[in-house]
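Asker: could you work out the structure for the sequence below:
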Amino acid sequence: MKIEQLYTTCLAEAAYYIESNGEVAIIDPLRETAPYIEMAEYNGSKIKYIFETHFHADFVSGHVDLANKTGASIVYGPTARPGYDAIIAEDNQEFKIGAITLKVLHTPGHTEESSTYLLIDEDGKQKAIFSGDTLFLGDVGRPDLAVKTELTREDLAGMLFDSLRTRIMTLPDDIIVYPGHGAGSSCGKSMSSETIGLLGEQKQTNYALRADMTKEEFVKELTEGMLPPPQYFPKNAIMNKMGYDSYDDVFAKGHRALSMDEFTTEVENGALILDVREQDEFIKGFIPNSLFIGLNGTFAMWVGAIITDIHQKIVLIAPEGQEEEAVKRLARVGYDNSVGFLTGGVDTYKNSGNELKTITSLPASEIADLFGKINIVDVRKLAEYDAEHIVDATQYPLDYLNDNLNVLNKDTTYHIHCAGGYRSIIAISLLMKNGYTNLIDIKGGFGALHETNIPKTTYVYPSTLK
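Answerer: Prediction:
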C-alpha cells in the first residue's frame, strides 16, 4: 500500500494518491490532471476511483477531467447531486482498491454532502481517515459554504458537532488524520501548519473536539467572529457541482504568446492586465492599470479575493518561463479566461515607446523618522491587526478592499504596509487602478516596522469598514 499527500502551498490544499496492488484512488485532485496520471503510469497502476470529500469552494477540482481521461469513477458521499455521472455512495459503503478498502463515513456539517473516507488496510485494521474539510489539524471546517441550501450556518454547525462526535471521535486514537487543508486556507479559522497528524492528538488539542463541549457551545464558538468567505468560493463550488470546461482547452487558450499589437487589442477589448512577477520587480516598473498579484505568494487565493468577476478576460505579464504556471494557477480557482501573455513583458511595452509606472518604497527606518506626520494604512487581516499594530494606523484589510475603495481620500498621501511586503503591493496596485496616486509602500511591512521604536498597540479601534 502506498499513500502520498500532494500538498499545494499556494492553496494550502492536500490531494491524496492511494495505491494497492496496481489500483489507485485519488482524493480531492487539483484541476490539472497530469501529476496523478503520470504517477499511476510510473507505478504501472490504474486509477480506479476519484473520491470527492465534498463540493469544494476554494478551488476547482480535477475530478471531471480525470474521470474523462482515465475512465475512473467519481465517488461522492450521500446527498450529493452533481451535474455529471458519479457514484453517490451510501453511508458506510465500502470500495475496494487492490487489497485495501475505503469506507464512506457521511459527516455533514461543513456542507451537507461532506464525507470522510476511512482507510482499512490489508489486515483489516482501521488505518487512516481522509477528512476533507470536516476535520483539520487544530480546527474544523466552516459551516457556511454549502451550495444553495435552506440550512443556516448554525444548522450546519450543529450537524458538524454530531458528525465529529458520532463518526470520527469514536475511531481509535492511532488513526492517522489526512486533512484537506492546512494553515492559510480560508476554509477554517485556526489550522495547524502540520498537514498529517493522529486522531488521538486532535482529541487532546483541537478546541472543537473537547469532550466536555456542548452542542450550543460548539455552534457559538465555531460561528462567532466568522468573517465572510472570499467572493469566489460559491462560484468554485458551483463549478465543482455542475462541471466545467476542459483544463486542456483552458490552458491552450491562456498559454498564448501575444505581440504588442495583440496585447493592446485585448486590453482595449476589456482584458485585465495581471502582473505576476515578484513585487520588487513590479515596484521598479509596470504597465499602467496593471493589477499585481505575484506568483511568489498565495497567488490563487488573492486572485479569487481581488478579481471579482470570475469570467474576466486576463492578459498576463509574467517572468519568462513562468507563463504556464500562471495559467495553471488561475485555472485552479476557476479563472478560465486568460487569453495570453505579452511576449517580452514590460520590456516589450517600454521598447514600443510606452512609459512604465513605478511605486515609491521606503524602509521602516525612514517611516520611524516620519512617524506622527504621515498616514499609515495597515492592509493585513483583522486578526493580525488586533494582535499588534502601529498606533493610529488605519485598518484597511486587503480581503475586503474591493468593497471599500472609496473609504480613503484620493487627495491624501498614504504609507501602506502588510506583514512583509506582498499584500501591500497588491493593495497599492488595486488602489492605483481606481484613481489613487499618492501611495507609498513601507518596505518589509510590519515585520520591519516592529523592529523600530514606533509605538505599537493591541487596542482594537472601531471599524467603519463593511
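Asker: which positions within the lowest-mean-pLDDT helix or strand in the chain qualify as buried?
Answerer: Across the helices and strands of the chain, mean confidence by mean pLDDT, DSSP states H and E is lowest for helix 382-387: a mean of 90. By 16 or more other Cβ atoms under 10 Å, the buried positions in helix 382-387 come out as 382, 384, 385. Glycine gets a C-beta too; all of them are placed from N, C-alpha and C.
Asker: quick check, the last one in contact with residue 379.
Answerer: No - because the distance of 9.2 Å does not satisfy Cβ atoms under 8 Å, residue 385 is recorded as not touching residue 379.
Asker: what's the burial count for the nearest residue to residue 439 once chain neighbours are set aside?
Answerer: Of all residues not flanking residue 439 in the chain, residue 428 sits nearest, at 4.8 Å (Cβ to Cβ, 6 or more residues apart in numbering). For residue 428, the tally of surrounding residues (other Cβ atoms under 10 Å) stands at 25.
Asker: and residue 428, what element?
Answerer: helix 422-433 (DSSP states H and E).
Asker: and the angle from whichever helix or strand comes after that helix to helix 422-433?
Answerer: On the C-terminal side of helix 422-433, the closest following helix or strand by DSSP H and E is strand 439-443. Inter-element angle recorded for strand 439-443 and helix 422-433: 170 degrees (by axes from the mean of the first three to the mean of the last three Cα atoms, to 10 degrees).
Asker: model confidence over strand 439-443, on average?
Answerer: Mean pLDDT, computed over strand 439-443, is 98.
Asker: name the helices or strands packed onto it?
Answerer: Applying 3 or more Cβ pairs under 8 Å, 6 or more residues apart in numbering; DSSP states H and E, one finds that strand 439-443 contacts strand 360-363, helix 364-370, strand 414-417, helix 422-433.
Asker: apply 6 Å and report the result again.
Answerer: Under the contact criterion of 3 or more Cβ pairs under 6 Å, 6 or more residues apart in numbering; DSSP states H and E, strand 439-443 touches strand 360-363, strand 414-417, helix 422-433.
Asker: give me the contact list for the longest one.
Answerer: So the one you mean is helix 422-433. With contact meaning Cβ atoms under 6 Å, 6 or more residues apart in numbering, helix 422-433 is reached by 279, 289, 291-293, 297, 359, 379, 398, 401, 416-418, 439, 441.
Asker: show the contacting residues for residue 206.
Answerer: By Cβ under 6 Å, 6+ apart, the neighbours of residue 206 are residue 138.
Asker: mind checking pLDDT for it?
Answerer: Looking at residue 206, its pLDDT reads 95.
Asker: got it, and residue 192?
Answerer: 81.
Asker: before we move on, back to that, closest one to residue 198 out of the buried residues of helix 382-387, please.
Answerer: residue 384 (29.9 Å; Cβ to Cβ).
Asker: how far away is that closest one from residue 278?
Answerer: Counting by Cβ to Cβ, to the nearest Å, the gap from residue 384 to residue 278 is 22 Å.
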